[in-house]
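J.: here is my input, please return the structure:
(2 chains)
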Amino acid sequence: MDITFVIEKFILVAIIFGISLVIAMYSTYAERKVAAFLQDRLGPDRAGPAGMFQPLADGLKMFMKEEIIPTHANKWLFMVGPGLAMLTACIGTAVIPWGSAITLGSKVIPLQVTDINVGVLYIFGVVSLSVYGVMIGGWASNNKYSLLSAIRAASQNISYEVAMGLAIIALLLVTNTLSLKEIVEQQHGWRWNVLYQPLGFILFIVCAFAETNRAPFDLPECETELIGGYHTEYSSMKLGFYLFAEYINIFVSSAVMSTLYFGGYNYPGMDWVASVAGPVLAPLIGTAVLFIKIFAFIFFFMWVRWTIPRFRYDQLMHLGWKVLMPLAIANVIITGIVIAIVEKF
Amino acid sequence: MNHNQPVYTDNDPQSELVTLNLGPTHPATHGVFQNVLQLDGERIVSGVSTIGYIHRAFEKIAEHRPFYQITPLTDRLNYCSSPINNMGWHMTVEKLLNIKMPKRVDYLRIIIMELARISDHIICNTIIAQDTGATTTFLYLFQFREHIYEIYEEVCGARLTTNIGRIGGFERDFNDIAFAKINKFLKEFPVALREFESLLNRNRIFIDRTAGVACVTPEDALSYSWSGPLLRATGVDYDVRVNEPYCSYEDFDFEVPVGTSGDIYDRYLVRNEEMWQSVSLIEQAMEKLKHEPAGVFHADVPDFYLPAKEEVYNNMEALIYHFKIVMGEIDAPKAEVYHAVEGGNGELGFYLINDGGRTPYRLHFRRPSFINYSMYAKMSEGMLLSDAIINMSSMNIIAGELDA
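T.: Below is the predicted model:
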């Protein structure tokens, strides 16, 4: 294998990993600032200008805290839980195309770690795995509240994956490919998939809320019922990993939604910009556009969380199986029929 | 096995049920009380309420204190609306001593009591929202509790445990800042309350969570001796302010909101509407105050009402009265008195037996939280855990009042 290829990919992975962590870190800050904005408060404003260093202070605090492993907990699994949550959250970024390829002289550098031809399935698999961190942590804590939370998380994720999968199937009917790179390329300029799959997008975003355990689907960690949920018994950086993983998941979900439905790094007028900006700058502008879309989604996640109440467990199941799934199936059928008609004539 | 005896741990390995200790330090038990639940999945099969974690024997302590020293004890019953407790107690003693209060004092008391009712209902309704996950609504309205506390602070110097007023009136007149703050509150609060209602009243998720949950029939409610907003939510129009008017409530024009099904949503709506009625009552009282002689803030009863400090230092009679009152040597008739006020959670009663000594022979508090809570374990049977928790929030169980 070419050594430059390895170095190139290694640098790209390091950059993406670093960016995801920084974004997750500052998502905690953004969450508190957005909450404060919505609630007529100031939010964190002590550490640094406008509280900018708050996430650093929080991280430091997490490291300095005493680490407690309950006596009756399964020690090994107790430690595996948060690690797994963090790992599964991070590896989802591997297949997302962050921008079109940069051309440096004769060298073409794709801004994507790997363009596997089943990218969508890979994302889907990684998202499914993320529930293991929660389940293992909740079970290993040997606490009834954690256990209840783990059960809720497991059943919630399984239920919503069905609807999510069906929403994606309808999308795949439109795109005819599983490769994220190709899906993005098809959405050149204004031809975003959300225009062809509006219902699919709504189903997908609802399921994304459920998959990331965010309000109004934050049943596994609703503090008024289950105290801390699956992380009740966790302390120190193990707790930090769980909280962090949630924000990385939000970041990844936002990136996936931007990529699948909102054109990724495509934007109207990109051809003109490319002709003006040149082969190095134009892809970077596309990346910036992608990040703007991602931040908009992250803000939307927070906006929803601080506005509406949460569902009850049975209502959540009802919504997942009896509302979202039939809608998703109907969406698949309608999409199929429309495509068949369009191809025929 | 005794059905009412809580079993705190799973001691049967074959059992399909899980024992869950909900409390005493669970975040949803706002205060310290415990429910030992038997869960089948998320459904509650049976529950036992364990109370008494902050029992402080107030009724016994009251037997050793002169009347005016009992007021601070009443602060610590329902500490979300302590002025109602304080004034309820003052009015009980005034009933025993047969003191007729000037109208202006009654109106001032109504202003403070209705502010206290608003702050109590703010806590209950925002906590329902908070427990269903809507944190923002909680914070929207909660700042007005702070404004109410600022008004208390202006009137009596204290905020939470107010010890406001005295037997026979207030310790001092309201100052201009207090009136200005009340007017400011009357102007700003309705805006926020409307905003709060617009966020929740027709919110699909909120209605799904609360409507049809924990329904109570009027018969059940009455047989458990419920009172206050909980009883009114079931459709019984019983309000002490109307049925047994005290403190000149008969001079006022206000409505008693009632519900139909007694579920959590009805309780929420009843409390919200009561806040609107309280605002209107305060407005009416402020209007009526303009027609009353200024500067009257206590009844003219030198035997029972502490004289002003300048008088005590310069006037022998005043010094004697001061000494007698402080030592509890007032001539109270031998009698039994029951006086009830409409507290934040229901009928707050004081049953006082006086044998002519310096302290009550016996004093019983009819504490609505305690009486309302008696149905809780039975209501929880068959409910989901999440419902049981918002049911608890909607009953507004205040641990201080529960355990006395």
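
J.: look up how far chain A lies from the spatially most central residue of chain B.
T.: For chain B, the residue nearest the mean C-alpha position is residue B:344 (3.5 Å; CA atoms, centre = their mean). Computed as CB to the nearest CB, to the nearest Å, the residue B:344 to chain A distance reads 21 Å. For glycine as for every other residue, the C-beta is placed from the backbone atoms N, C-alpha and C.

J.: excluding its backbone neighbours, what's nearest residue B:67?
T.: residue B:93 (5.1 Å; CB to CB, 6 or more residues apart in numbering or on different chains).

J.: count the residues that sit near that neighbour.
T.: Counted with other CB atoms under 10 Å in any protein chain shown, residues neighbouring residue B:93 total 25.

J.: of all the residues in the helix of greatest length in chain B, which ones are buried?
T.: For chain B, the helix with the greatest residue count under DSSP state H is helix B:103-131. Within helix B:103-131, the residues scored as buried using 16 or more other CB atoms under 10 Å in any protein chain shown are B:104-131.

J.: ok, now stretch A:82-96?
T.: Within stretch A:82-96, the residues scored as buried using 16+ other CB under 10 Å are A:82, A:84-96.

J.: mind saving the C-alpha coords of it as CSV?
T.: What follows is stretch A:82-96 as a C-alpha-only set of coordinates in CSV (Å, rounded to 0.1, in the frame of the first residue of the first chain):
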residue,chain,number,x,y,z
PRO,A,82,-19.2,4.3,28.4
GLY,A,83,-16.3,3.3,26.2
LEU,A,84,-18.6,1.5,23.8
ALA,A,85,-21.0,4.5,23.8
MET,A,86,-18.1,6.8,22.9
LEU,A,87,-16.7,4.5,20.3
THR,A,88,-19.9,3.9,18.4
ALA,A,89,-20.6,7.6,18.4
CYS,A,90,-17.3,8.4,16.9
ILE,A,91,-17.0,5.8,14.1
GLY,A,92,-20.1,7.0,12.3
THR,A,93,-18.2,10.0,10.9
ALA,A,94,-16.0,7.7,8.7
VAL,A,95,-18.3,7.5,5.7
ILE,A,96,-19.7,11.0,5.6
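
J.: now that stretch: average pLDDT?
T.: Summarised as a single mean, pLDDT over stretch A:82-96 is 86.

J.: still on that earlier bit, doesn't the residue nearest to the centre of chain B fall inside a helix?
T.: No. Using DSSP: H, G, I helix; E, B strand; the rest coil, the secondary structure at residue B:344 is coil, not a helix.

J.: show me the contacts for the residue nearest the centre of chain A.
T.: Nearest to the mean C-alpha position of chain A, by CA atoms, centre = their mean, lies residue A:253 at 2.2 Å. Contacts for residue A:253 (CB atoms under 8 Å, 6 or more residues apart in numbering or on different chains) come out as A:127, A:208, A:211-212, A:297, A:301.

J.: now do the contacts for the residue nearest to residue B:137 when sequence neighbours are not counted.
T.: Leaving aside its chain neighbours, residue B:137 sits nearest to residue B:129 (4.3 Å; criterion: CB to CB, 6+ apart). Residues near residue B:129 by CB under 8 Å, 6+ apart: A:309, B:135, B:137-138, B:200, B:206.

J.: go with 6 Å
T.: B:137-138, B:200 (CB atoms under 6 Å, 6 or more residues apart in numbering or on different chains).

J.: from the contacts of residue A:253, which is closest to chain B?
T.: Closest approach between these and chain B, by CB to the nearest CB: residue A:301, at 14.5 Å.

J.: what is the neighbour count of the closest one?
T.: 24.

J.: measure the closest residue to residue B:276 other than its chain neighbours to residue A:150 for me?
T.: Nearest in space to residue B:276, with sequence neighbours left out and distances taken as CB to CB, 6+ apart, is residue B:193 at 7.2 Å. Distance of residue B:193 to residue A:150, given as CB to CB, to the nearest Å: 40 Å.

J.: comparing these two, which residue is more hemmed in?
T.: More neighbours surround residue A:150 than the other of residue B:193 and residue A:150, with 25 against 21 (other CB under 10 Å).

J.: on that earlier part again, would the residue nearest to residue B:67 count as being in a helix?
T.: Yes. Membership of residue B:93 in a helix is supported by three-state DSSP.

J.: could you list the residues in contact with stretch A:271-283?
T.: Under CB under 6 Å, 6+ apart, the answer for stretch A:271-283 is A:99-100, A:102-103.

J.: now do the buried residues in that stretch.
T.: A:273-274, A:282-283.

J.: doesn't residue A:285 make contact with residue A:265?
T.: No. With contact defined as CB atoms under 6 Å, residue A:265 does not count as touching residue A:285 (8.5 Å).

J.: neighbour count: those two, which is higher?
T.: Neighbours of residue A:265 and residue A:285, each counted by other CB under 10 Å, are more numerous for residue A:265; the result is 26 against 17.

J.: how much space separates that one from chain B?
T.: For residue A:265, the distance to chain B equals 34 Å [CB to the nearest CB].

J.: next: residue A:51.
T.: Computed as CB to the nearest CB, the residue A:51 to chain B distance reads 18 Å.

J.: so that residue sits right up against residue A:44, yeah?
T.: Yes. At 3.7 Å, residue A:51 and residue A:44 qualify as touching, with contact defined as CB under 6 Å.

J.: got the angle for the helix or strand just after the longest helix of chain B vs helix B:103-131?
T.: In the C-terminal direction, the helix or strand that comes right after helix B:103-131 (DSSP states H and E) is helix B:135-156. Helix B:135-156 runs at 160 degrees relative to helix B:103-131, counting by axes from the mean of the first three to the mean of the last three CA atoms, to 10 degrees.

J.: which outside residues touch helix B:135-156?
T.: Against helix B:135-156 from outside (CB under 6 Å, 6+ apart): A:38-39, A:306, B:115, B:119, B:122, B:126, B:129-130, B:159, B:162, B:164, B:174, B:177-178, B:181-182, B:185, B:189, B:192, B:196, B:199-200.

J.: residue A:235: what's it in contact with?
T.: Contacts of residue A:235 by CB under 6 Å, 6+ apart are A:65, A:67-68.

J.: tell me the residues on chain A that lie near chain B, please.
T.: Neighbours of chain B within chain A, by CB under 6 Å from any CB of the partner chain: A:38-39, A:144, A:215-216, A:223-225, A:306, A:308-310, A:312-313, A:315.

J.: hmm, 10 Å instead?
T.: Counting by CB under 10 Å from any CB of the partner chain, chain A comes close to chain B at A:35-36, A:38-41, A:144-145, A:147-148, A:151-152, A:215-219, A:222-228, A:305-315, A:318-319.

J.: which PyMOL command selects the buried ones in those residues?
T.: In PyMOL, this line selects whichever of the residues of chain A next to chain B come out buried by 16+ other CB under 10 Å:
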select buried, chain A and resi 35+36+38+39+144+145+147+148+151+152+215+216+217+218+219+222+223+224+225+226+227+228+305+306+307+308+309+310+311+312+313+315+319
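
J.: residue ranges in the stretch 151-300 of chain A under the pLDDT threshold?
T.: Applying pLDDT under 70 to the stretch 151-300 of chain A flags the ranges A:223.

J.: residue in it with the shortest distance to chain B?
T.: For the stretch 151-300 of chain A, the residue closest to chain B is residue A:224, as judged by CB to the nearest CB, at 4.4 Å.
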